[in-house]
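Asks: with the input below, show me the fold.
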Amino acid sequence: MVRLPLTPAEVARGERLGALLRRARGCRSMLDVALASHISPETLRKIESGRVATPAFPTIAAIAGTLGLSLDAVWAEMNQSEETVESRDNSVLAVARHTSLAS
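Replies: Residues are numbered from 1 along each chain as shown. Below is the predicted model of the structure:
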C-alpha cells in the first residue's frame, strides 16, 4: 500500500498533538506512560516528536486515558489550534489580496 504524503496541516496537527501529550505527561517517564497505555515506548516517542502525525484513534485514546486527558479536551485543543492557524492564514491571504489590488 502506498501512503500519500502528509499535508503541511497534518504535519502541524501531529506536532501539536505531540506537544500536548508531552505537556500532559509532565515528569512521568515515557516508559511508564507507554506501558500503562499498552503501547511501545518507541510509538509514544514518535507520536510526541511528531514523526507519527496521524496515529490510530485507539492509540490516542489509550494515551489520553493514561494521562487523564479527555478526548474532548484533546479534540478541542487540536481544533482551537487549527482555527488559529486558519484565521492567521486567512488574514495573510486578505492582506495579500488587498496589496495586489492596490498595485
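Asks: low-confidence ranges in the protein?
Replies: 81-103 (pLDDT under 70).
Asks: what about the nearest residue to Glu48 once chain neighbours are set aside, how many neighbours?
Replies: Spatial nearest neighbour of Glu48, excluding adjacent residues (Cβ to Cβ, 6 or more residues apart in numbering): Gly18 at 4.4 Å. In short, each C-beta sits where N, CA and C put it, glycine included. As a burial measure, Gly18 scores 21 neighbours (other Cβ atoms under 10 Å).
Asks: contacts for the strand or helix carrying Gly18, please.
Replies: Using DSSP states H and E, Gly18 sits within helix 8-25. Residues outside helix 8-25 that contact it (Cβ atoms under 8 Å, 6 or more residues apart in numbering) are 6, 33, 44, 47-55, 60, 63, 67-69, 74, 77-78, 81-82, 85.
Asks: quick check: what element follows it along the chain?
Replies: Using DSSP H and E, the first helix or strand after helix 8-25 is helix 30-37.
Asks: list the buried residues of that next one.
Replies: By neighbour count on 16 or more other Cβ atoms under 10 Å, the buried set for helix 30-37 is 33-34, 37.
Asks: buried subset of the contacts of helix 8-25?
Replies: Those of the contacts of helix 8-25 that meet the buried threshold are 33, 44, 47-48, 50, 52-53, 55, 60, 63, 67, 69, 74, 77, 81, by 16+ other Cβ under 10 Å.
Asks: circling back: and the gap between the residue nearest to Glu48 and Val2?
Replies: 25 Å (Cβ to Cβ, to the nearest Å).
Asks: equivalent analysis for Val11, please.
Replies: Noted for Val11: a distance of 18 Å to Val2, by Cβ to Cβ.
Asks: more neighbours: which of these two?
Replies: Val11 (14 against 3).
Asks: buried residues in the helix or strand containing Ala61, which are they?
Replies: Using DSSP H and E, Ala61 falls within helix 57-67. In terms of neighbour count (16+ other Cβ under 10 Å), helix 57-67 has its buried residues at 59-60, 62-64, 66-67.
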